[in-house]
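Colleague: Need coordinates for the following:
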Amino acid sequence: MEIPPKSPDGSEKSPQSKELMTSNTASTLCISSRSESVWTSASRSKWDIYHKPVIVVSVGAAIFLFGIVITSLSCIQINNKQVYKMCGPAFLSLGLMLLVCGLVWIPIIRKKQKQRQKSQFLQSLKSFFFNR
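Modeller: Have a look, this model is predicted:
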């Protein structure tokens, strides 16, 4: 491993140190943005909270229905019957997996929201009693 020569006045930094500085700055920005979102108590709409599981459920339902159609096509006399017999159950299982994952995700989010509300209530209670 070769060390690049330093400039005589020391003002010029090596490319490795520049890379480390930029990555350090990026991680600091990422950490600060995360901490701000945790501490801000701006109310979010239901769509902001539940949009990911709703999308997963709807995509899963669409893939599941597509799998039903493909599987039912294998029952009809068609030229590529083997292809439909192979792809139909694959789409059925993928769609069912996404559908169940999305449906399980919704109660988990509800539970986290309740815990967050309790935590905010306890924090306000602590600040009320200890700031007197």
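Colleague: how about the helices in the chain?
Modeller: Per DSSP state H, the chain carries helices over the ranges 15-39, 46-75, 81-130.
Colleague: Pick the most buried one from these.
Modeller: Across the helices of the chain, averaging neighbours per residue (mean count of other Cβ atoms under 10 Å) puts helix 46-75 on top, at a mean of 15. Every residue, glycine included, has its C-beta placed from N, CA and C.
Colleague: Show me what that helix is packed up against.
Modeller: The contact analysis (3 or more Cβ pairs under 8 Å, 6 or more residues apart in numbering; DSSP states H and E) places helix 46-75 against helix 81-130.
Colleague: Run the angle between the helix it packs on and helix 46-75 for me.
Modeller: 160 degrees (axes from the mean of the first three to the mean of the last three Cα atoms, to 10 degrees).
Colleague: Same list (the helices of the chain) but as CSV, adding mean pLDDT.
Modeller: Listed next are those as CSV, based on pLDDT from 0 to 100:
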stretch, mean pLDDT
helix 15-39, 49
helix 46-75, 92
helix 81-130, 89
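Colleague: Does L94 touch A61 like I think?
Modeller: No - L94 sits out of contact with A61 when judged by Cβ atoms under 8 Å, with a separation of 11.7 Å.
Colleague: got any residues that touch both of those two?
Modeller: Taking Cβ atoms under 8 Å, 6 or more residues apart in numbering as the contact rule, L94 and A61 touch no residue in common.
Colleague: check contacts around C101.
Modeller: C101 touches 56, 60, counting by Cβ under 8 Å, 6+ apart.
Colleague: Kindly provide the distance from it to C75.
Modeller: From C101 across to C75, the span is 29 Å (Cβ to Cβ, to the nearest Å).
Colleague: So K126 versus S119, what's the distance?
Modeller: 11 Å.
Colleague: Contacts only, for D48.
Modeller: Applying Cβ under 8 Å, 6+ apart, no residues contact D48.
Colleague: Against G60, how distant is it?
Modeller: From D48 to G60 the distance is 21 Å (Cβ to Cβ).
Colleague: same thing with C87?
Modeller: 17 Å.
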